[in-house]
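S.K.: curious how this folds, go ahead:
(chains A, B and C)
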Amino acid sequence: MAFGLLKYGLSRRRPVKRFLSARPELRPSYDVAIIGGGGHGLATAYYLAAKHGVRNVAVFDKGWLGGGNTGRNTAIIRSNYLTPEGVAFYEESMRLYRGLSEELDFNILYSERGHFTLAHSDAAMRTSRWRAEVNKHLGVDSEVVGREELARLVPLLNMSDEVRHPVLGALYHPPGALARHDAVAWAYAGRAQELGVEIHTETEVTGINVENGRVTGLETTRGPVACGKAMQAVAGLSGQVARLAGFTLPIRTVPLQACVSLPLKPFLDPIIVSGSLHVYISQSDRGELVMGGATDPYPRYQTSSTLDFMEGLMAHILELFPFMSDVPVLRQWAGMTDMTPDFAPVMGLTPVENYYIDSGWGTWGFKATPVCGNRMAELIATGRVPELIQSFHLDRFRDFSLMGEKGAASVGH
Amino acid sequence: MMERLPEPAGLLLDRSEPVAFSFEGRRYQGFRGDTVASALAANDVTVLSRSFKYHRARGIHSLSGLDANTLVQVGPAPNRFADREPLAAGLVVTGQNYWGTLRHDRMAVFGLLHRFFPAGFYYKAFYKPRWTWPLWARMIRRIAGLGSVDTAAPHGYFDKQYLFCDVLVVGGGAAGLAAASQAAAAGAEVVLVDENAALGGALLHGRFDAGGVRTADTRTALAGEVEADERISVMTETACLGWYADNWLPLVRGNRLYKLRTKALVVATGCLEQPLVFRNNDLPGVMLASAAQRLIKLYGVRPGRRAVVATASDDGYGAALDLLDAGVEVAAVVDLRTDAPRSGVGDALAARRVPVHAGAAPWEAVPQRKGPGIARVRVAKIVEDGVCAPTVDSFTCDLLVVSGGQAPAAALLRQAGAAIAYDSRRQTTRIDALPAGVFAAGGVVGAAGLDGVIADGRRAGWQAAAHAGLDAGPEPAAAPDGDAPATAKGVWPIFPHPDHKAFVDFDEDVQVHDLEDAIAEGYDHVELLKRFTTNGMGPSQGRHSSLNAVRVLARATARSVDETGATTVRQPIVPVTMGHLAGRSFEPVRYTAMHFRHLEAGATMMPAGLWLRPEYYGEPARRQALIREEAKNVRDNVGIIDVSTLGGLDVRGPDAAEFMNRMYTFAYLKQPVGRSRYVLMTDLGGVVVDDGVACRMHEDHFYVTATTSGVDNVYREMLWYNAQWRLKVDVSNVTAALAGVNIAGPNCRAVLETLCDDVDISPEGFPYMGVREGHVAGIPALFLRVGFVGELGYELHVPASQGEALWDALLEAGRAHGIRPFGVEAQRLLRLEKGHIIIGQDTDGLTTPHEADMAWALAKKKPFHVGIRSVRMQAEKGLTRRLVGFEMPGVGVEQPKECHLVIREGEITGRVTSVAYSPNLDRIIGLAYVAPDQGEPGTRIEIRVDGGRMVSATVAKLPFFDPDGARQEL
Amino acid sequence: MKIMPCPLNGPRNIQEFICAGPVEPHPDPSRCSDDEWAEFVWLEENLAGVVREWWCHAATSYWFIAERNTVTDEILATYPADRVFSERVDFAPLALPEPPAPPEPPKAPAPPPPAEAAADTPAGDAPSDDALPLAPKETGG
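M.R.: Down below sits the predicted model:
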C-alpha cells in the first residue's frame, strides 16, 4: 500500500494541506503574464519557475482552473503523427508525460494502452503506412498491422466484410496512452504555486497594452497589471485574445463534442480510432467508455451539445463494436477548438514583441501539454525559439510553408 | 413471496398475470406491471447492487429510475435501472460490481478500509517508483466499473421516428395534464410525454391531504380528460433525453428513438425529492418518502414493518400516513423543522398518535448485526445547521423514510437556457427566466398546492398554444387562494458524523468529509470539487447529490449557494443506450447502371467514394494473375471498364469558356468545338484538388469530367464562385444521369465499327482528344477519344438507363476481338505505365502543380484561375519536393509499397505514391516524391522497405511505356 | 437540431447545410501584394458575434448568405446571394511578370493526360484519409 495513503488513513486528524492556493490579490506588475489557466498556460508557468527561475509569474483565467479544453478533452496521448516535425514534438511530449507523476509528485494516472488507427480503405492503409514509416524513422514505436494481426490484437473488433466500411488494417502505436486531464492541470498549478507563481482565476483579460510594438501590460476585470512579457494559451478563444494584442490568426473556432458511457467492467484496453468513420473510443480507469468524433460542421463560440453528433457517432461505433448496442450513454459535452488550415499548431513569436502565442491546437492540445509548456517557457525565458517548435511559427502561412499534417489530418486524434 | 397490499394499492399491477424471473440465480415471481425492483422488494430482496467504490450494499432509494442504487445487469444489458426495467417473463437479472456474491461481496473490505481511500486517493499514491504504477493501474481498473458488457451480444434492433407537434408537454403530473388539456382546447396538436407507466406524476404516489383521496380523484379526472382528447397523443413509459436547439427533443420508448420538433414546449417535470445526509444514510432500508409511497401505491408492496420518518417538510407527514394505511408501524416522525406550520396531514398524524420529534435529525442509521439493513435509528436534537446535540434517542426500525425537501427537476429548462437562481430561504433552486418557446409549469417552477399546480399548468398550456400561433382564447383563471401551504423556510439537511459514512453522493461513495477535505486542499470551485471528488459524475449525474455538495462548498467558503454556482446539466438527462442513438444503419451506397453485370461476371467490388467499382473480375485466389491478365488484354486486344462513377458536369452559357478558364488552370477560351482538353483544379491555397477533361460541345457548352469522390465538391465550388462572379453560365451535375464505359486496346476501333454508323471513327475523322456525338448500338452516346491507359481508346457516355445495354452490346460485339472487362486495379497498373497521376493518391493535402510536375497544365498568360496567386507564389519560392517516376529491376529486388520512404543520408526526402510490377515492361515502376535535386532521370534513390531494408531505384523519365504516345494516337 | 431557414427550400435541419465561412471580398490576385494574398487565403477574422456567412444547402447545391451570431448560435437572417453580389466580377489582364519556369519545363507540351477513369481516389472516403475535402473535418480526441 502506498505510504502516503497509509499515513493519511491512520492519522487521527485528517492531515489536509492546502495544495491549490487561494487566489491572491493582484499585484501591479509581473515579469511574465500568462493568459489562460489551462494545461498549457499552467505548464508554461511551472517550467518558467522550475527550470528558468522566473517566478514572478501570474496566470490569468476568466473561469476556473483547467475549465477549458483541458477539462473537456478525451485525454489521448500519442506521437504517431505524419510530419517529422510533428512526430519529434509529440515524442518529446510523451517522454515528459511518462515522468510527470514523479516530477510533479502527483499521480496523473498516465496509462499506456496502445493506440489503433483503423483503416477502411486502400487510401487509409496508404496513409497508415506513411505515418508508420515516418514514425519508425524517428524512433517511434508504430507499425501497420493487417487484418489478421489486428483481429488478434483487438479481438473484440468487428472484422466482418458485411458492413459498409470493412476494416482492412490499422496503424498500431503501442505507446498510445491515456491520462487524467484534470490532474495534469492541478499538478502543474499546485507545483507552480509552490514556486511562487500566482494563479488568478475568474479574472478575465479584457485588454492587452502594446507600446511601440511591445507588450507592456494587461487590462483585467480586476484591474490593470504591467508585465515584461506575456503569453496567450487560450484554446477556443485564441483569435479573440490575439485581436486584443492587435493581430489576426489563421484559426477558426469549431466545437468538438464527446461523451461517456456508464462505468463498465474493463473490457477494452486499447484506444481505437477510425478516421474514416470519424470515431474514437477508449475505456477510462473508472470503466467509462470515452467516445468522440468529428468536429462540429460549422464554427461557433459555444459548447452546446447536439443530438446528431451522438446519433452519427453511435452508428459508427456500433459498426465497429456491434455488441455495445445495450451500453448506456451517460453524458455528452463539448469544447471549443482552434482549427488551423494545416492541422498543426501556431506557437512561438508574434508580431508583438515579448508577446508569445500558443494556439491552434485543434483537437490535439492535451497531448502536447508538457512539451508545449516546457518549450514555451524556454522561449519566454531566453527569447530564443527552441528548435523543436520552430516549424510551428505563425509566419509559415505568410510564406506558404504549411505543415503537412493535413495530408493525414482526419485520421484522428 | 410477500403478500401484496390490497387494492387500490398496487395501481400498476395486473394481478392476474404472474411473471417469473430470476435474480442472482434464484427464481422469483412478480406481476405484470412490476419493475424488477418492485418485484424484488415484494420478495423481500433488499440488496440490489454494490456501490462503486466501497462496495456497500445498496437497495431502493428513489424508486424512480434515477439513482445508481438500483443498477443491475439484465441479460446482456449492463447498468439497467431495476426500478425502471419492466418485469418480463424469463428475465435473468443479476447484481453488479461484487466479488463473491451480492450478499457477501469480498470487495466490501474497501468499505472497512475507507479511511485509506479518501476522495482522489489515486492522485496521491502509486506512482513511486515509476514502474509500480502500471501494476496499480491494472488493479484499480479491475475493480472499477459497474456492469459487464457481454461481448458476444448481438446488435439489438433499434429504430427512429420523427414527430412534429404544436405543443410538447413533458411530465404527466397535475401540471402537465392541465397544460396538455388547455393547449388542446386551444386547438393545438399536443404530445404529452411521461416516463412512468401511468399518467399522474406525483398524484400517483403523493399524499396532499389527510384523507388521502384527493390525489387519486384529481388524477382520475385530469388523466381522463387528457386521454379522451383526440388532439393529445399520450406517450407513457417515454423518456425525454434532453433539449436541443430549436425545440428538438429526443424521446425514447421501447426500442425506438423519436425525434420531435415542437413549436412550443411545456416543461412540467416536477421536483426531485432530495435525501438527507447522515451516517449510514445509504443502508438498504433507508429510502426517500416518495419511494416508500411508490412501493405502496404503485406496486402494493409494504416497504417495511416498523418505520421512522425523517423529513424536512410536510412531505414526510403524508408518507407517514400512507405507511400507517399500509400497515406499517411508524415509530416516530423526525421533523428537522422547529417551526413547522400546522397542516392537515400533521393534524391527521397527531390524531393517529404518532410521536413527532421536531427540530431533530436522524444522526445515524445503525446497521443490522447480521444482514444488510438497518436495526435502528439514532435521533438527536439539532443545535444549529448540521450540528446535533450529543444526546440521542434511539428507535428500532427496519425502514427509515427520509425527505430532504424538493429540488426542481429543471434539467430540460437549464439545457434550454433558462436562468436558474437559488432561493436561500426555501433552500431550493428557482427558475427566473425562460427562453422563447419554452414554458414551465407546476413544481419545477415552484407552484405549490394542488390547485396552484393545476392552474399553473393551464396557464402554461395556454401560453404554449398561443406561442404556437393558435388562438388560445382568454387567459385561464389563476388558482383560488388558500390551497397553497405557506411556503416554509427550508432546513439544512446535512449532518456529518465524526465516524463518517455520511454519504452525499451514493453513486461515487462521496462522504461529507471527502468534500470538506477536497475544499480544504484548494478544490474550492464547484467544478473542481466535482471533478476531484467525482461527486455528481456517476450514473445519477448529481440529481440527489449536487445540491448538497454545493451547500457544503458554500458553507466551507462562506458564500451563498447562488454565489457558489452549480455544475452544468448535460444531455442525456437519463442514460440512453448506444443502440437507440445509432438506430438502423442507413449508409448510402451507389451502384452504377452496370453493377449487376459486374457481379454476374464475378467481380470483387471495392468502394470508391459512395460508389462500388469492380476491383477485378474472377476468383479472389487468383487476384494478382487476373489483374495482370486484364491489363495485358487491354494492351494486346481490347478491354472495357465501367467509368460511370466519374463525375460529369454540364457548363452552359455565353460565359462557359470564361468560367472554365477561371475554374481550371489550363486555357479554354480558344479550345475548339469537338475537342477535349485536360482540366486541373487547384484550391485557393494552390493545392491540386481535382482533374478531368473538358469537352467543348458547342461554343457555349462544355461537358467536364471530375473525379469520383471530387465531383460533388467541384460542382459546389463552381456554383459558389459563380454566385460571386455572376457570369452568364449555368452548371449542372449530370453524374447520375450518365453511365460511362471506356473501351481501350488495339482492337477497340474494330469493335466500335460494328456498333456505330453515325460517327466516323477513322483516325482522320476522329483524332486523339476528339469529341463526337452519335450512337453506339442504337444508344445515343457522347464519344471522347482519350487514352488514360495509353491505348487507342474511347470513353462512351450514355444515358444511365442505357448503361447495361451498352455494356452488353460492347461485350457481344467484342467477343470476336478478345474483349474482356477490366477492373480498377488493372487500370491503375496501365495508367502507371503511362505515368498518369491519380489525384489523392499521387497528390496529398499540400501538393502544388509544380510539385506534381504538372506546370504544363498551367496557362501562362491568363489573369485568373482559382488559386493562381498561391500557385505562383509557391513556384517563386522554389520546390521542396517533386514527383518523379522511378524504376527497379523486375526480379531479385524487394518491391516497395506505397508510402515507403525515400531516404538520403538518414533524411526523409520523399515517399513512394504508386508502385507496381509491370509485366509488360518486366520492371517495377512507380511514382515517388523526391528532393528537387533528385529529379533527374538516372538518379539513384534509396527506398526503405518493410523491415527497414534499403532498396535502390532509378529515377526514370515518364511515361514508362510508349513514350511517344503512338499507341493511343493510333 | 437547429433549423436553417433556407431562402430556397424553407426551414430545414441544419445538418443539410454546409457552412463555407464568412462573406469577404476576394482580392484581385493580379493586383494585391503577396501579404494581402496570404492573409486572404489563410487568416480568419473568426468573429465572436454576428457574422455574414456563405451557406449551401447540400441536397440542392443552393448557395445563400446567412447572418448568424457565433456566440449564441442564433440565425438572424438569410437571403439569396444576389442581394450582395449583383454585379459581374472580372479580373484585369495579367499585371504580374510571368512566373518563373518550372524546374524542368517540358520541351513540348506533354500530352494532356486523358480522361480520368481511375483518376479518382479509388477509395476516396472523403472527407477523410488522403481525400482532400475543401473543408476538412477533424476527428477529435
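S.K.: CA atoms only: put whichever strand or helix holds B:S38 into CSV for me.
M.R.: Element membership of B:S38, judged by DSSP states H and E, is helix B:36-42. C-alpha atoms of helix B:36-42 as CSV (Å, rounded to 0.1, in the frame of the first residue of the first chain):
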residue,chain,number,x,y,z
VAL,B,36,-37.6,-5.6,-11.4
ALA,B,37,-37.0,-3.5,-8.3
SER,B,38,-40.6,-3.6,-7.1
ALA,B,39,-40.9,-7.3,-7.7
LEU,B,40,-37.7,-7.9,-5.7
ALA,B,41,-39.0,-5.7,-2.9
ALA,B,42,-42.2,-7.8,-2.9
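S.K.: ranges for the helices of chain A?
M.R.: Assigned by DSSP state H, chain A shows helices spanning A:3-10, A:39-52, A:84-98, A:100-104, A:122-137, A:147-153, A:181-194, A:238-245, A:307-320, A:369-382.
S.K.: can you check which of those helices gets nearest to C:L76?
M.R.: Closest approach to C:L76 among these is made by helix A:238-245 (20.3 Å; CB to CB). C-betas here are computed from N, CA, C, even on glycine.
S.K.: re earlier: now the helix holding B:S38: how far from the chain's centre is it?
M.R.: For helix B:36-42, the gap between its own C-alpha mean and the chain's C-alpha mean amounts to 32 Å (CA atoms, centre = their mean, to the nearest Å).
S.K.: before we move on, what about stretch B:276-283?
M.R.: That offset, for stretch B:276-283, works out to 36 Å (CA atoms, centre = their mean).
S.K.: any weak-confidence spans in chain B?
M.R.: B:1-2, B:479-489 (pLDDT under 70).
S.K.: can you pull out the low-pLDDT segments for the chain?
M.R.: In the absence of a named chain, this looks at chain A. A:1-15, A:406-413.
S.K.: ah, I was thinking of chain C
M.R.: C:93-141.
S.K.: and among the helices of chain A, the most buried is which?
M.R.: Comparing the helices of chain A on average neighbours per residue, with mean count of other CB atoms under 10 Å in any protein chain shown, the densest one is helix A:39-52 at a mean of 27.
S.K.: for chain C, just list every one of the strands.
M.R.: Assigned by DSSP state E, the strands in chain C fall at C:3-6, C:10-13, C:17-22, C:50-57, C:62-69, C:75-80.
S.K.: out of the ones you listed, the one nearest chain A is which?
M.R.: With CB to the nearest CB, the closest approach to chain A among the strands of chain C belongs to strand C:17-22: 3.6 Å.
S.K.: angle of that closest one against strand C:50-57?
M.R.: Per axes from the mean of the first three to the mean of the last three CA atoms, to 10 degrees, the angle that strand C:17-22 makes with strand C:50-57 is 140 degrees.
S.K.: export the strand ranked longest in chain A to PDB, keeping only CA atoms.
M.R.: Criterion DSSP E: the longest strand present in chain A is strand A:328-339. Output of strand A:328-339 as PDB, limited to C-alpha atoms (Å, rounded to 0.1, in the frame of the first residue of the first chain):
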ATOM      1  CA  PRO A 328     -26.000   3.200 -21.800                       C
ATOM      2  CA  VAL A 329     -24.500   6.600 -22.600                       C
ATOM      3  CA  LEU A 330     -24.300   8.800 -19.500                       C
ATOM      4  CA  ARG A 331     -23.300  12.300 -20.600                       C
ATOM      5  CA  GLN A 332     -22.200  14.400 -23.600                       C
ATOM      6  CA  TRP A 333     -20.300  17.700 -23.600                       C
ATOM      7  CA  ALA A 334     -18.300  19.900 -25.900                       C
ATOM      8  CA  GLY A 335     -15.300  22.100 -26.100                       C
ATOM      9  CA  MET A 336     -14.200  24.800 -28.500                       C
ATOM     10  CA  THR A 337     -11.200  24.000 -30.700                       C
ATOM     11  CA  ASP A 338      -8.800  26.200 -32.600                       C
ATOM     12  CA  MET A 339      -8.700  24.800 -36.200                       C
END
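S.K.: and it, which strands flank it?
M.R.: Sheet pairing for strand A:328-339, assigned by DSSP bridges, gives strand A:252-261 (antiparallel), strand B:576-577 (antiparallel).
S.K.: kindly reformat the strands of chain C as TSV containing mean neighbour count.
M.R.: Listed next are the strands of chain C as TSV, based on neighbours: other CB atoms under 10 Å in any protein chain shown:
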stretch	mean neighbour count
strand C:3-6	18
strand C:10-13	13
strand C:17-22	19
strand C:50-57	19
strand C:62-69	20
strand C:75-80	15
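S.K.: dump these to CSV, plus distance to A:F392.
M.R.: Below are the strands of chain C laid out as CSV (distance: least, CB to CB, whole Å):
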stretch, distance to A:F392
strand C:3-6, 36
strand C:10-13, 38
strand C:17-22, 23
strand C:50-57, 27
strand C:62-69, 31
strand C:75-80, 35
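S.K.: which one of the ones you listed lies closest to B:G778?
M.R.: strand C:62-69 (37.6 Å).
S.K.: so what does that closest one touch, helix or strand wise?
M.R.: On a contact count with 3 or more CB pairs under 8 Å, 6 or more residues apart in numbering or on different chains; DSSP states H and E, strand C:62-69 meets helix B:711-725, strand C:3-6, strand C:50-57, strand C:75-80.
S.K.: ok, residues contacting it?
M.R.: A:300, B:719-720, B:723, C:4, C:6-9, C:20, C:23, C:49-57, C:74-81, C:83-84 (CB atoms under 8 Å, 6 or more residues apart in numbering or on different chains).
S.K.: most distant residue from the middle of chain B?
M.R.: Relative to the centre of chain B, the most outlying C-alpha is that of B:E764, 61.2 Å out, by CA atoms, centre = their mean.
S.K.: how near is that one to B:V776?
M.R.: B:E764 sits 20 Å away from B:V776, going by CB to CB, to the nearest Å.
S.K.: B:T269 now?
M.R.: 68 Å.
S.K.: of these two, which one has the most company?
M.R.: Between B:T269 and B:V776, counted using other CB atoms under 10 Å in any protein chain shown, the more crowded position is B:T269 (29 against 26).
S.K.: SS state for that one?
M.R.: With DSSP: H, G, I helix; E, B strand; the rest coil as the basis, B:T269 sits in coil.
S.K.: next, the contact list for it, please.
M.R.: B:170-171, B:408-412, B:444.
S.K.: any idea how far B:K160 is from the residue positioned nearest the centre of chain B?
M.R.: Among the residues of chain B, the one closest to the centroid is B:L581, at 5.9 Å (CA atoms, centre = their mean). Going from B:L581 to B:K160 by CB to CB gives 9 Å.
S.K.: what do the two both touch?
M.R.: In contact with both B:L581 and B:K160: B:L257, using CB under 8 Å, 6+ apart.
S.K.: pretty sure the residue farthest from the centre of chain B sits in a strand.
M.R.: No. Using three-state DSSP, the assignment for B:E764 is coil, not a strand.
S.K.: ok, the residue in the stretch 1-150 of chain A that chain C sits nearest to - how many residues close by?
M.R.: Residue of the stretch 1-150 of chain A nearest chain C, by CB to the nearest CB: A:S121 (3.4 Å). A count of nearby residues for A:S121, using other CB under 10 Å, gives 25.
S.K.: do the same with A:L195
M.R.: Counted with other CB under 10 Å, A:L195 comes out at 15.
S.K.: show me what contacts the nearest residue to it once chain neighbours are set aside?
M.R.: Leaving aside its sequence neighbours, A:L195 sits nearest to A:A49 (CB to CB, 6 or more residues apart in numbering or on different chains; 3.7 Å). With contact set as CB under 8 Å, 6+ apart, A:A49 has these partners: A:55, A:57, A:192, A:195-197.
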